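J.: Here's my sequence, what's the structure:
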Amino acid sequence: MTKDEVLAANAAFYRAFERKDIEAMSAIWSQGTGSFCIHPGSNILRGWKEIRTSWEQIFKNTAYIEINTDIISTEINDNIAYVILRENVFQVVNGRRLEAQSTATNIFQFLGGKWYLLHHHGSPVFR
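T.: I've put the predicted structure just below:
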């Protein structure tokens with residue numbers, strides 16, 4: 001359970017996000033009802049079923065997305081790890097190019113030899 005493994009799981013999350021790949025997203029997320037996701041400016045989603053639906057909507061409504069991340073901190077405590085980072089997001093939605101920054105927290109749990117995303121919370125950074 002190394003920091004490199006946590007960062008690889010974090011990178012897999014953003015790769016699935018950029019590729020709009022729901023199956024890859026499903027492979028990284030914990031499938032339990034104890035999973036949470038808070039998209040910037042959105043309500044709290046609980047459980048993989050709600051979270052998956054939100055990603056499907058985002059993928060459906062986004063023509064292109066690119067996310068560059070700046071890792072601020074990565075901490076591991078037993079089977080829980082968290083990554084605090086800045087997301088620099090470039091996307092095309094409804095023909096419009098949008099740029100935004102979010103501060104995000106991704107919490108991972110180590111289960112069965114693999115890190116799974118348990119919680120993602122993105123908060124917009126206002127300039």
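
J.: going forward, measure contacts and count neighbours with C-alpha atoms only.
T.: Will do.

J.: where do the strands sit along the chain?
T.: Remark: strands assigned in the chain by DSSP state E are 36-38, 44-46, 64-77, 80-93, 96-111, 114-124.

J.: for the ones you listed, which one sits closest to A8?
T.: Nearest of these to A8, taken as C-alpha to C-alpha: strand 114-124 at 9.1 Å.

J.: Report the rounded mean pLDDT for that closest one.
T.: Per-region confidence: strand 114-124 scores 96 on mean pLDDT.

J.: Show me what K114 is bridged to.
T.: Beta-bridge pairing for K114 (DSSP bridges): L111.

J.: And it, how far from L7?
T.: Relative to L7, K114 is positioned 12 Å away (C-alpha to C-alpha, to the nearest Å).

J.: Same question for L45.
T.: The gap separating L45 from L7 is 24 Å, by C-alpha to C-alpha.

J.: Now do the lengthiest helix in the chain, average pLDDT.
T.: In terms of residue count, the longest helix belonging to the chain (DSSP state H) is helix 3-19. With pLDDT averaged residue by residue, helix 3-19 scores 97.

J.: Against which helices or strands is that helix packed?
T.: Contacts of helix 3-19 with other secondary structure elements, assessed using 3 or more C-alpha pairs under 8 Å, 6 or more residues apart in numbering; DSSP states H and E, are made with helix 22-28, strand 64-77, strand 80-93, strand 114-124.

J.: Can you list the neighbours in contact with stretch 99-107?
T.: 10, 40, 80-91, 117-126 (C-alpha atoms under 8 Å, 6 or more residues apart in numbering).

J.: Quick check: phi and psi at the residue in the chain sticking out farthest from the centre.
T.: Relative to the centre of the chain, and counting by C-alpha atoms, centre = their mean, the farthest-placed residue is G95 at 23.8 Å. Dihedral angles phi and psi of G95 (degrees, to the nearest 10) take the values phi 80, psi 0.
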